[in-house]
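In: Curious how this folds, go ahead:
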Amino acid sequence: MRKMKLRYRTWLAVAVVALGFSVPVSLHAQVVVIANGSPITEYDIQQRMKLEASSQKTPNRQQVITDLIDDRLKIARAKVYGLEVGESEINGAFENMASRQHITIAQFSQVLERAGISPNTVKARIRAEMTWQQLIRGKYNASLQIGESDIANALKDKNEGDAPAVGYIYTLYPVMVVVARGSGESVISAKRSEAESLRSRFVSCTEGLAMARGLRDVAVRDPITRNSADLNPQLRDLLGNIQVGRLTPPEVTAQGLQMFAVCNKKESTTESPQKREMREQLFVKRFESESKKYLDEIRKSAMIEYKNK
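Out: Below you'll find the model as predicted:
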């Protein structure tokens, strides 16, 4: 009986070859390169190429392989220093990616899967990036510090040294015209008209906030303080054009129509938008410089073995 089974299997194998069929080997099992003992499979490469293509890039196979090798080397070197990014941090970053697209984690995962990309592929990329950032920040902390003189010199070189580096600190009261969840366009349109009516009558915070608090379906929340250097350019420009004592235009949110009462605005020279932007530019430049030098050093001592070459 055992001999019959063996003969059957032998016959089946011969028949498959004779008919021109081949038994597919799992992409997970096709090791293309080994970086310091860590295998990179054809599946890893195909997944990363799809990820690159999804961001409007034309994926280059060899560059993708190089990037995957670098990811393995970065994580391995971080482990030498006891650095390892936790799953909660990775999941948090993944959730932030979904939030920036105004979709849920489940919806984001579905979008990826429809493109043939496993969510784990994105998380693997996040892990490598977060791990490397922590390693470079820790190893080169002193050289990554940006001082006031660095910023002043950079602004001067950019011919902005004499420009008034002034920012503003705003005191804002969030004013919400509440709209019931699931309301139709007609209801939202009517509520928008109410918001615009309130905005036209709102000419000072003292009287305007009292008026708003007395209206039905209008909520006035506790004040918040914001530095113009911390705001995105669109909101910074919007607040810069709103007089103190007036409301910003209504914006649709999950709770309703959101406005902000600009109740105070004072100059700040400690951190202006120009200085904040230059600080970030200088930091990125130094980070990339240190990152490149250290990665080149790691590559020189790495054991890279390409298979089937």
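In: Can you tell me the element the residue most central in space within the chain falls in?
Out: With distances taken as C-alpha atoms, centre = their mean, Met97 lies nearest the centre of the chain, 5.3 Å away. Here Met97 sits within helix 87-100, counting by DSSP states H and E.
In: on that earlier part again, in space, what's closest to the residue nearest to the centre of the chain - neighbours in sequence excluded?
Out: Phe108 (6.6 Å; C-beta to C-beta, 6 or more residues apart in numbering). Yep, even glycine has a C-beta here, placed from its N, CA and C like the rest.
In: by contact count, what packs against the helix or strand where that neighbour lies?
Out: If you go by DSSP H and E, Phe108 is part of helix 105-114. Contacts defined by 3 or more C-beta pairs under 8 Å, 6 or more residues apart in numbering; DSSP states H and E place helix 105-114 against helix 87-100, helix 119-139.
In: need the ones you listed in CSV with mean pLDDT and distance to Asp217, can you?
Out: Formatted as CSV, those follow (pLDDT from 0 to 100; distance: least, C-beta to C-beta, whole Å):
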stretch, mean pLDDT, distance to Asp217
helix 87-100, 92, 27
helix 119-139, 95, 40
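In: ok, and which of the ones you listed has the densest surroundings?
Out: helix 119-139 (a mean of 17; mean count of other C-beta atoms under 10 Å).
In: Just checking the distance from the helix or strand that it is followed by to the centre of its chain.
Out: Using DSSP H and E, the helix or strand that directly follows helix 119-139 along the chain is helix 148-157. In terms of C-alpha atoms, centre = their mean, to the nearest Å, the centre of helix 148-157 is found 28 Å from the chain centre.
In: ok, back up a step: so which of the helices and strands packed on helix 105-114 comes closest to Ile188?
Out: Nearest of the helices and strands packed on helix 105-114 to Ile188, taken as C-beta to C-beta: helix 87-100 at 22.6 Å.
In: So what sits opposite Arg226 in the bridge?
Out: Per DSSP bridges, the residues bridged to Arg226 are Tyr170.
In: Local confidence estimate at it?
Out: Arg226 carries a pLDDT value of 90.
In: contacting residues around it?
Out: Ile169, Tyr170, Leu172 (C-beta atoms under 8 Å, 6 or more residues apart in numbering).
In: Can you tell me how far the first one is from Val64?
Out: Pointing back at Ile169 there. Separation of Ile169 from Val64 (C-beta to C-beta, to the nearest Å) stands at 46 Å.
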